[in-house]
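> Got a predicted structure plus its sequence, pasted below:
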Amino acid sequence: MSPTPITAPFPASRLRRLRRTPALRAMVTETTLTPANLIWPIFVTEIAGGEGEIPSMPGVERLTLDGAKRAAETAMRLGIPAICIFPHSDPELKTESCERAWDPDNIGNRAIRAIKEVAPELAVMTDIALDPYNANGHDGLVRDGVILNDETVEALGRMALVQAEAGADILGPSDMMDGRIGALRGLLEQNGHKDVAILSYAAKFASGFYGPFRDAVGASGRLVGDKKTYQVNPANREEAMRCVARDLAEGADMVMVKPGMPYLDICRMVRDQFAAPTFAYQVSGEYAMIEGAIRNGWLSREVVVESLLAFRRAGCDGILTYYAPQVAERLA
Ligand SMILES: NCc1[nH]cc(CCC(=O)O)c1CC(=O)O
């Protein structure tokens with residue numbers, strides 16, 4: 001039930017009274033942002049010399065395994081509860097059958113183990129989709145130009161089990177195939193991974209805001225066509241709600257809306273409708289937009305925290321953001 005605010009007529013009511021000093025403003029702050037609300041996505045490379053800054057994401061670097069360990073330690077120090085690993089894999093080893101996706105020694109799985117070595121308490125989240133290992137850049141297996149749903153779900157299952165085996169706490173299926181949450185949940189139960197959580201990329205839109213990410217993982221030049229046959233049309237709110245309902249019903253523990261800032265209406269709807277742990281992904285293009293403007297002197301760095309508060313206001317428990325370490329440092 002939403003309350004009915006009662007406001008006396010002016011001048012009995014002067015809303016500026018409670019804005020006058022920092023102390024008064026602090027007393028009536030409605031929404032909070034703490035490091036506990038942040039999930040930090042990192043890129044880990046297996047390519048010699050692949051580390052270093054990503055041109056379309058200034059300030060974000062691809063890391064070596066050692067770099068990933070240092071990031072994990074930084075996250076622990078700053079109170080960031082979770083890190084999410086994205087692999088930058090050797091282009092020579094990408095194939096149409098994507099078998100490296102379920103190789104226990106692929107770079108993603110090596111990163112999980114490396115991080116668990118130095119920061120066992122940090123929650124490690126993964127990405128489940130075939131794109132880092134797929135010769136054609138798609139999240140699913142492709143035959144004659146068609147993304148195969150059921151065959152892909154089977155492949156994702158193999159991928160999920162080796163990630164769970166490697167020590168992942170949270171699996172993040174980002175592929176948008178139908179039926180994958182139920183399939184993964186069943187496999188985890190059957191294989192002794194009952195306590196591995198699933199944070200489903202439930203309402204993932206076919207967005208142009210993923211461009212810099214595809215540069216970061218080396219998928220840009222490869223993608224044949226687009227992802228519109230599996231990601232949701234940006235015009236569709238109700239379909240997004242059906243996706244979230246479906247994933248929760250199939251056993252997702254948490255759900256995500258992606259991208260973030262252009263989809264805050266969806267975040268609010270999901271929170272109100274399902275009252276489930278809800279996350280948003282402030283994606284690479286949002287980062288590039290904000291950071292590009294800051295570096296050009298067109299915006300001040302204050303907008304970073306402001307952009308993240310918006311997600312909290314829209315009902316999100318947390319945000320995946322490349323700004324996680326910077327913001328956590330600032331909030332400390
Ligand atoms: N499985 C792909 C995946 N996982 C996370 C992102 C995007 C993240 C970002 O833009 O920051 C993407 C890109 C895509 O769907 O093409």
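Received the coordinates, thanks.

> give me the element the closest residue to Val196 other than its chain neighbours is part of.
Nearest non-adjacent residue to Val196, counting by C-beta to C-beta, 6 or more residues apart in numbering: Ala164, 4.8 Å away. All C-beta spots, glycine's among them, are computed from the backbone N, C-alpha and C. Applying DSSP states H and E as the criterion places Ala164 in helix 149-166.

> per-residue confidence at the residue nearest to Val196?
Listed pLDDT for Ala164 reads 98.

> ok so, going back, hmm, who's touching the helix holding Ala164?
98, 101-104, 108-109, 112-113, 116, 126, 128-130, 139-141, 171, 173, 175, 177-180, 183-184, 187-188, 191, 193, 196 (C-beta atoms under 8 Å, 6 or more residues apart in numbering).

> Okay, and which of those map to helices?
Mapping those onto helices (DSSP state H) picks out 108-109, 112-113, 116, 180, 183-184, 187-188.

> before we move on, the earlier item: any residue of the helix holding Ala164 touching the ligand?
No - applying C-beta under 6 Å from any ligand atom, one finds helix 149-166 separated from the ligand by no less than 10.7 Å.

> Ok, stretch 118-133 next?
Yes - Stretch 118-133 is in contact with the ligand by C-beta under 6 Å from any ligand atom, via 127, 129, 131.

> Could you tell me the end-to-end distance of that stretch?
By C-alpha to C-alpha, to the nearest Å, the extent of stretch 118-133 from end to end equals 26 Å.

> Can you give the distance from that stretch to the centre of its chain?
Computed by C-alpha atoms, centre = their mean, to the nearest Å, the chain-centroid distance of stretch 118-133 equals 11 Å.

> And it, what's buried?
Of the residues in stretch 118-133, 119, 122-133 count as buried by neighbour count, 16 or more other C-beta atoms under 10 Å.

> for stretch 71-89, same thing?
71-72, 74-76, 78, 80-89.

> Endpoints of that stretch, how far apart?
19 Å.

> what does stretch 227-234 give?
Across stretch 227-234, first to last residue, C-alpha to C-alpha, it's 12 Å.

> Now for the spatially closest residue to Ala82 that is not a sequence neighbour: which residues touch it?
Spatially, and ignoring its direct neighbours in sequence, Ala82 is nearest to Ala123 (3.9 Å; C-beta to C-beta, 6+ apart). Counting by C-beta under 8 Å, 6+ apart, Ala123 touches 81-83, 169-170.

> Quick check: beta-bridge partners of Glu53?
Using DSSP bridges, the bridge partners assigned to Glu53 are Glu61.

> Do I have it right that it meets Val60?
Yes - the criterion here is C-beta atoms under 8 Å, and Glu53 meets it with Val60 at 7.1 Å.

> The two - which one has more neighbours?
Applying other C-beta atoms under 10 Å to Glu53 and Val60 shows that Val60 carries more neighbours, namely 21 against 11.
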